[in-house]
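Enquirer: Give me coordinates for this.
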Amino acid sequence: MIRKLRKRGDMASRLEVALNKFSSRMTSYPPGICPLIMYRSILQMSMNQSCGKCVPCRDGLVEAERMLRDILNGDATEETLVKLKELCTMISETADCAVGVVAANTVLDSLKDFADEYESHIQNRRCLENVVQTVPCMTLCPAHVDGPGYVAMIKKGDYAGAINVIRDRNPFPTACAMVCEHPCEKRCRRTIIDQPINIRGLKKYAVDQIAADQVKTPPANVKTGKSIGVVGGGPSGLTAAYFLALMGHSVEVYDEHQNLGGMLRYGIPEYRLPKARLDEDIRAILSAGDIAVHLSTKVGRDVSVEELRKKHDAVYLGLGAQLGNRMPVENVNCKNVIPAADFLQAVARGDKIDLTGKRVALIGGGNVAMDAARTAIRLHAKTVHVFTRKRDDYTALESEIESAMQEGVRFRTLLSFLHLEADKENPDHIAAIWLQPQIVGEFDEFGLVTTEHSSEYPYRFVCDYLILGVGQRCDVADFEAAGIPVNRGRILADESCMIEGMDGVFSGGDCVTGPSTAINAIAAGQVAAHNIDEYLGYHHKIVCEAEVPPAKPNKCIPTGRAEIEERDPFERRRDFKHVEEPMTPEEAERESGRCLRCDHFGCGTMEGGRCAW
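Expert: Now for the predicted structure:
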């Protein structure tokens, strides 16, 4: 029998190409879609994958899909749910292979996770009231910025208009253009065709064409005579100040640092966010209305919480989380051990730590850890090693991890921290860290892999400097002493940023949620501003003077995504200059032309409260 190599262009190869095109459909489901529709589509794919050899999978999945269809059509009863659960349990326990087992378990999970949605379809024959397809980029942006709107303005060439559309919800267009994690791109419907729109890249192109402080802010409302104290001059506090000032209120910002910006200034390195560009946003914010600033003023030291409450009609606490965490282990307070947040702030203040020839170890895999690792490289460290217990611990943006690798940062995974070894000759320094090799295990309820100790011996890593990228916390001691409710280092405020039992005191951002992103802090400041306005008895509207161009149909031709290029890694690792190259006009025009204008087409025209399948 003659054996042959696989032929190029055979059926398997063509199927692979087709499946690659189809795979993006699963990630492009719009937010707000009925979960039962999604689970039904997963079930239908599983039916198509069945080989047909075992009855539970071959016939059982078909029957389960029929029951789901009846539920969606409003033709089901409570008995249908009982039968669906019994059927899927049987399939899970008796199917021969993973196709039937996983499909059945997926439906069983949906019965538990979305019980309210099932109940609504059976009792009311419709989705829950809040289930409606929405424009993905606007919904997934925590501040709900009109992405299609400002992309259309960029396509038109109206960059000032684009900045005004952004500032309608987010007064930090420049900072977010540089450092935002762009959740708006996560479910972009352009993925159905090729790749998500580079929304952050287009935002950066707009602010590169015209500085934010050169674009006039909307006119402020007539003065209300009301005064609001804002504690914290970071993204959350300044966002609240901006919108409150536009509403006509008088705002006083209290910040303990010498300059405004919070962690945007003191936590994000210069090579990612040049501080001169951050100042463009801040100058525009301060020009919006009656905003006074008190720098080098720490609440609890220079002014009390009670004094603020007496002086102002309302108070907003947007403190941020600027204190780096240390692990509760011996020798953690040695001089050559420093939390990543403290390390970055020291460098931002100009305390350029000399790491020349030093072997640096870093524990943690978040964005702050990546910033610290890349900063250590720029401070001439001999080597920088990043250690994590599991791959899921790398929560930093993939692009940040890739850039760190390009610049020479080394990564080691499946190593859990054990203890710190003190230097015998210099006891106030550590000489090494001890790490235990791990092996991967089952996934937990959140879909994250678990680990357990390997049989290998512990690993001793000699280092001259250790950076702890294990989170940050908020300095809330003075506020807790003043009666502000605090739990585990976080101020207790609800989704409206109100603090229960503290009339007129609001709070949001990292001091409430724990360390998060700049855009989440901005969203909290925006929500707080509107709720403070309502608390004071008003209902002001901020008018966006930019007029978004009308939507035109897109030909949906597959087109490559324009990426933001970075400077050569061997050059950029030597300095703190901005790493990103500007997008060209041709790239910006083509990239903005890829937008499908979902605000007018598709999910942008949906009606609420019904299944659209």
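Enquirer: which parts of stretch 582-599 are buried?
Expert: Counting neighbours by 16 or more other C-beta atoms under 10 Å, one finds that the buried residues in stretch 582-599 are 583, 587-588, 591-599. All C-beta atoms are positioned from the backbone trio N, CA, C, and that covers glycine.
Enquirer: Off-centre distance for it?
Expert: The offset between the C-alpha centroid of stretch 582-599 and the centroid of the whole chain comes to 23 Å, using C-alpha atoms, centre = their mean, to the nearest Å.
Enquirer: circling back to that earlier point, any chance of the buried residues of stretch 582-599 in CSV, with pLDDT too?
Expert: Converted to CSV, the buried residues of stretch 582-599 look like this (pLDDT from 0 to 100):
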residue, pLDDT
583, 96
587, 97
588, 97
591, 97
592, 97
593, 96
594, 96
595, 97
596, 95
597, 95
598, 92
599, 92
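Enquirer: same for the longest strand anywhere in the chain, what does it pack against?
Expert: Selection of the longest strand in the chain by residue count, based on DSSP state E, yields strand 430-443. Where contact means 3 or more C-beta pairs under 8 Å, 6 or more residues apart in numbering; DSSP states H and E, strand 430-443 is packed against strand 415-422, strand 449-453, strand 459-462.
Enquirer: Any idea what the residue nearest to residue 461 when sequence neighbours are not counted is bridged to?
Expert: Across the structure, with C-beta to C-beta, 6 or more residues apart in numbering as the measure, the residue nearest residue 461 apart from its sequence neighbours is residue 433 (5.3 Å). When assigned by DSSP bridges, residue 433 has beta-bridge partners residue 420, residue 461.
Enquirer: show me what contacts residue 345?
Expert: Contact criterion C-beta atoms under 8 Å, 6 or more residues apart in numbering gives 266-267, 322 as the residues in contact with residue 345.
Enquirer: which of the residues in whichever strand or helix holds residue 281 are buried?
Expert: Under the criterion of DSSP states H and E, residue 281 resides in helix 275-286. Neighbour counts over helix 275-286 (16+ other C-beta under 10 Å) mark 277-282, 284-286 as buried.
Enquirer: and what of stretch 155-165?
Expert: Buried positions in stretch 155-165, judged by neighbour count with 16+ other C-beta under 10 Å: 155, 158-165.
Enquirer: Now stretch 298-312: average pLDDT?
Expert: Average pLDDT, stretch 298-312: 95.
Enquirer: okay, how far is it across it, tip to tip?
Expert: Chord length of stretch 298-312, first to last residue, is 17 Å (C-alpha to C-alpha, to the nearest Å).
Enquirer: How about it, which residues are buried there?
Expert: Taking 16+ other C-beta under 10 Å as the neighbour-count basis, stretch 298-312 is seen to contain the buried residues 299-300, 303, 305, 308-309, 312.
Enquirer: got the contact list for residue 548?
Expert: When the contact criterion is C-beta under 8 Å, 6+ apart, the partners of residue 548 are 146, 148-149, 152-153, 165.
Enquirer: Highest neighbour count among those?
Expert: Highest neighbour count within the contacts of residue 548: residue 165, with 28 neighbours (other C-beta atoms under 10 Å).
Enquirer: What's the separation between that residue and residue 236?
Expert: 21 Å (C-beta to C-beta, to the nearest Å).
Enquirer: just residue 64 next, same as before
Expert: Taking C-beta to C-beta as the measure, residue 64 falls 46 Å from residue 236.
Enquirer: Settle it for me: which of these two has more neighbours?
Expert: Taking residue 64 and residue 236 together and counting by other C-beta under 10 Å, residue 236 has the greater number of neighbours (35 against 23).
Enquirer: The more buried one should be in a strand, yeah?
Expert: No - applying DSSP: H, G, I helix; E, B strand; the rest coil, one finds residue 236 to be helix, outside a strand.
Enquirer: looking at it, it is touching residue 321, isn't it?
Expert: No - between residue 236 and residue 321 there is no contact, the gap being 10.7 Å when judged by C-beta atoms under 8 Å.
Enquirer: who touches both of the two?
Expert: The contact lists of residue 236 and residue 321 share residue 510, where a contact means C-beta under 8 Å, 6+ apart.
Enquirer: of the buried residues of helix 275-286, closest to residue 416?
Expert: Within the set of the buried residues of helix 275-286, residue 278 lies nearest residue 416; the separation is 37.1 Å, counting by C-beta to C-beta.
Enquirer: circling back to that earlier point, would you turn the helices and strands packed on strand 430-443 into TSV with mean pLDDT, mean neighbour count and distance to residue 250?
Expert: Compiled in TSV, the helices and strands packed on strand 430-443 are given as follows (pLDDT from 0 to 100; neighbours: other C-beta atoms under 10 Å; distance: least, C-beta to C-beta, whole Å):
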stretch	mean pLDDT	mean neighbour count	distance to residue 250
strand 415-422	95	18	50
strand 449-453	92	13	52
strand 459-462	96	14	55
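Enquirer: I'd like these written out as JSON lines, with distance to residue 96 added.
Expert: Putting the helices and strands packed on strand 430-443 into JSON lines (distance: least, C-beta to C-beta, whole Å) gives the following:
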{"stretch": "strand 415-422", "distance to residue 96": "38"}
{"stretch": "strand 449-453", "distance to residue 96": "26"}
{"stretch": "strand 459-462", "distance to residue 96": "42"}
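Enquirer: ranges for the strands of the stretch 301-450 of the chain?
Expert: 314-317, 323-324, 337-339, 359-363, 383-387, 410-412, 415-422, 430-443, 449-453 (DSSP state E, counting those that start in this stretch).
Enquirer: Lowest-scoring secondary structure element of this protein by mean pLDDT?
Expert: When the helices and strands of the chain are compared on mean pLDDT, DSSP states H and E, helix 11-27 comes out lowest with a mean of 76.
Enquirer: how about the helix or strand just after it as CSV, C-alpha atoms only?
Expert: Moving toward the C-terminus from helix 11-27, the first helix or strand encountered (DSSP H and E) is helix 35-49. Only the C-alpha atoms of helix 35-49 are listed here, as CSV (Å, rounded to 0.1, in the frame of the first residue of the first chain):
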residue,chain,number,x,y,z
PRO,A,35,-28.5,34.0,27.3
LEU,A,36,-30.9,31.2,26.2
ILE,A,37,-30.3,32.1,22.5
MET,A,38,-26.6,31.8,23.1
TYR,A,39,-26.9,28.4,24.9
ARG,A,40,-29.2,27.2,22.1
SER,A,41,-26.6,28.1,19.5
ILE,A,42,-23.9,26.2,21.5
LEU,A,43,-26.2,23.2,21.7
GLN,A,44,-26.8,23.3,18.0
MET,A,45,-23.1,23.3,17.3
SER,A,46,-22.7,20.3,19.7
MET,A,47,-25.4,18.5,17.8
ASN,A,48,-23.5,19.0,14.5
GLN,A,49,-20.3,17.7,16.2
